[in-house]
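>>> everything below, folded, please.
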Amino acid sequence: MHSVASAIITTKEKIERLMNMPAMATSGDLDRLQYFIHALRLFEAEIATHTRNWARLRQLTEVRMG
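Take a look at the predicted model:
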């Protein structure tokens, strides 16, 4: 499970870097990338729950709430 969590984090970081590229500002793909980020965040929260990583789960929810 921990390797899956690491892969999710790495993938989210790659997508976020893509989203910050100037060419993406005019691309219609930005919405699709935001959807992927959201889906990965959900999977990451699910894994944090299964591994009882409550600190990480709290971080994930505070990012969206705060």
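
>>> the nearest residue to residue 51 once chain neighbours are set aside: neighbour count?
Leaving aside its chain neighbours, residue 51 sits nearest to residue 1 (5.2 Å; criterion: C-beta to C-beta, 6 or more residues apart in numbering). (C-beta placed from N, C-alpha, C; glycine too.) Residue 1 has 11 neighbouring residues, counting by other C-beta atoms under 10 Å.

>>> now do the one 3 residues further on
Residues near residue 4, counting by other C-beta under 10 Å, number 14.

>>> now swap in residue 48 and tell me
Residues lying near residue 48 (other C-beta under 10 Å) number 20.

>>> and residue 9, by the same measure?
13.

>>> per-residue pLDDT of it, please?
The per-residue pLDDT reported for residue 9 equals 90.

>>> of all the residues in stretch 1-11, which ones are buried?
Across stretch 1-11, burial judged by 16 or more other C-beta atoms under 10 Å covers 5, 8.

>>> how about residues contacting stretch 4-13?
Outside stretch 4-13, the residues within contact range by C-beta atoms under 8 Å, 6 or more residues apart in numbering are 37, 40-41, 43-44, 47-48, 51, 53, 56.

>>> and the residues you listed as CSV, adding distance to residue 5 and pLDDT?
Below are the contacts of stretch 4-13 laid out as CSV (distance: C-beta to C-beta, whole Å; pLDDT from 0 to 100):
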residue, distance to residue 5, pLDDT
37, 15, 91
40, 11, 93
41, 12, 91
43, 9, 93
44, 6, 93
47, 5, 94
48, 7, 93
51, 7, 93
53, 8, 93
56, 8, 91
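
>>> tell me the residue in this protein that is farthest from the middle.
residue 26 (22.0 Å; C-alpha atoms, centre = their mean).

>>> tell me how far the lowest-mean-pLDDT helix or strand in the chain lies from the chain's centre.
Here the helix or strand of the chain ranked lowest by mean pLDDT, DSSP states H and E is helix 22-25, holding a mean of 76. Computed by C-alpha atoms, centre = their mean, to the nearest Å, the chain-centroid distance of helix 22-25 equals 19 Å.
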